[in-house]
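>>> I'll drop the sequence and a predicted model, then ask my questions.
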Amino acid sequence: MTGYNLEAIEAAPLKDDVDIVIPTIRSLDFLEQWRPFLQHYHLIIVQDGDPSIKIRVPDGYDYELYNRNDINKILGPRASCISYKDGGCRCFGFMVSKKKYIYTIDDDCFVAKDPSGKEINVIAQHIKNLETPSTPHYFNTLYDPFRDGTDFVRGYPFSLREGVQTAISHGLWLNIPDYDAPTQLVKPRERNASLCRYVDAVMTIPKGVLYPMCGMNLAFNRELIGPAMYFGLMGEGQPISRYDDMWAGWAAKVVCDHLGFGVKTGLPYLWHSKASNPFVNLKKEHKGLHWQEDMVPFFQNLRLSKESDTAAKCYMEISKMTKENLTKVDPYFENLADAMVTWLEAWEELNPPVKNEACDDKPVKKDNGKDVKAK
C-alpha cells in the first residue's frame, strides 16, 4: 500500500512512543521555538561538561536531566564508555530510554520552513519515514514510493515492492551545512538558506552503501537498532572528536544491511543556526580526517555472520573486528573496541532481554500423558 495517512499519524498518541534526546552544555532556551512540536513529548537531556552548571529548561516540558555525576552513579565503572565533552554523550539517553522511537536534536537547531512558508514538523515527518517501508534492494527513481503522489516506477520488480522495515530516518538542515573543518575553512560563507535548495524528497540509501550520518536531526527505531547506535568513545581524553555520529552511522548501516532493515535520508529539514569554529574543529577532527580513509573501507568490506541475528550480536561482532583490523591504524581503536563491549554490557544491564514465555524448556502440550517441549 502506498501513500501516507498524515492525519492518522499526527493524531496518533506519539508522545507515548517517542523520546527526544538532547545533548547540551547550556540552558535550553531554543526549546521555546520548538514548543508547538516538542512540548507534548518526553525529553531526555544529557548535560555534557561541568555537572555543577545549572541547566535551565523552559517551563511546561516533561523531562529527565542527567549530568556526568548521574551517568557515573547509574553505570558505575561502565560509565567510561560514554564520551565526555563530545556530542556522543547523547547515546546515554538512548540507553536509558524505554520508548520505541528516539529523536535526537542539537541545541543550536531551530524550526525551519518549507517553500510555502509552513513550519516543518520534524517529528511527524520522521515518524512517517520510520513507519513506512524502505526499499534498499532496488532504487526507485521517484525516490520514496510510499509518499503521497508517487509510486513504484515501471520496471520495479513486484517481488520487492513490499519493502523492509525502516530503522533510521536521517534528516537534513537549512542554513549551516554539516561540513568538516577543512571545508568550513575554504567555504566560510557557505549557506544552504535559499529555498531553491530545499529538496522535497525522501530516499532509501541502497544496501551496501555507507553515508555520513549527522546526529543533529536524526530519528531511529530503538527496538530494531538501538544497541548499534553507539556514538563512540570520543572527546576529552581521546585523540578524536566529532566523529561520534559518523562511527554510529557506519556501524548501524552495516547492521541494518545485515538484518534486512532500511535507512532513509532527506526530509525533514531543520534550521541549523550556528557554525562551530573551524580552527577548533580542525584540532578535534584531524585524526579522524586521516583515519576515515581506513574506517570507511573497513565498514565497506565488513561481513557479519549468520549467528549475528540481533543488533546487539552484530555490534559485538563489529567490536571484535574493530580490534582485529583497526588497531594497526592506531592503538586508540583497541580502546574503542573495548568501549563498544562495555556499551553493550551497560545496555543489557539497563535493558534486560524480555523473557520468552514459549522458551524451549517450557511444556506446551500433552502427548499420551507426557509433557512435550515446544519444537
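Nice, I can see it.
>>> switch to C-alpha atoms for all contacts and neighbour counts from now on
Will do.
>>> Helices of the stretch 101-250 of the chain, start to end?
Using DSSP state H, counting those that start in this stretch, the helices found in the stretch 101-250 of the chain span residues 122-131, 181-186, 222-225, 244-259.
>>> which helices and strands does the helix or strand that the longest one is followed by pack with?
Same thing as helix 244-259. Downstream of helix 244-259, the next assigned helix or strand under DSSP states H and E is strand 262-272. For strand 262-272, the packing partners by 3 or more CA pairs under 8 Å, 6 or more residues apart in numbering; DSSP states H and E come out as strand 109-110, helix 122-131, strand 166-175, strand 202-204, helix 244-259.
>>> do that again at 6 Å, thanks
In terms of contacts (3 or more CA pairs under 6 Å, 6 or more residues apart in numbering; DSSP states H and E), strand 262-272 is packed against strand 109-110, strand 166-175, strand 202-204.
>>> Distance to Leu326 and mean pLDDT for those - can I get that in CSV?
Converted to CSV, those look like this (distance: least, CA to CA, whole Å; pLDDT from 0 to 100):
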stretch, distance to Leu326, mean pLDDT
strand 109-110, 34, 96
strand 166-175, 26, 96
strand 202-204, 29, 97
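>>> Looking at these, which is nearest to Phe92?
strand 166-175 (18.0 Å; CA to CA).
>>> Please save the CA atoms from the closest one in CSV.
Output in CSV follows, covering the C-alpha atoms of strand 166-175 (Å, rounded to 0.1, in the frame of the first residue of the first chain):
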residue,chain,number,x,y,z
THR,A,166,12.8,1.3,8.3
ALA,A,167,15.3,1.5,11.2
ILE,A,168,16.8,5.0,10.7
SER,A,169,15.4,8.3,9.5
HIS,A,170,18.2,10.9,8.7
GLY,A,171,17.0,14.5,8.4
LEU,A,172,18.8,17.4,6.8
TRP,A,173,19.5,21.1,7.5
LEU,A,174,19.0,24.5,6.1
ASN,A,175,21.4,27.4,6.7
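>>> begin at 54 from here
Let's use 54 as the start, then, which means that last one is strand 219-228.
>>> Would you single out the least confident of the helices of the stretch 154-303 of the chain?
Mean pLDDT per stretch puts helix 234-239 lowest among the helices of the stretch 154-303 of the chain, at a mean of 77.
>>> in this protein, which spans are strands?
Per DSSP state E, the chain carries strands over the ranges 71-77, 95-100, 115-119, 154-158, 162-163, 219-228, 255-257, 270-274, 315-325, 416-420, 423-426.
>>> Put together TSV for those strands, with mean neighbour count on each row.
Listed next are the strands of the chain as TSV, based on neighbours: other CA atoms under 10 Å:
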stretch	mean neighbour count
strand 71-77	24
strand 95-100	24
strand 115-119	15
strand 154-158	24
strand 162-163	20
strand 219-228	25
strand 255-257	23
strand 270-274	25
strand 315-325	24
strand 416-420	11
strand 423-426	12
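>>> Throw the ones you listed into TSV and include distance to Tyr296, thanks.
Shown next, in TSV, are the strands of the chain (distance: least, CA to CA, whole Å):
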stretch	distance to Tyr296
strand 71-77	15
strand 95-100	18
strand 115-119	22
strand 154-158	16
strand 162-163	19
strand 219-228	16
strand 255-257	23
strand 270-274	15
strand 315-325	18
strand 416-420	50
strand 423-426	49
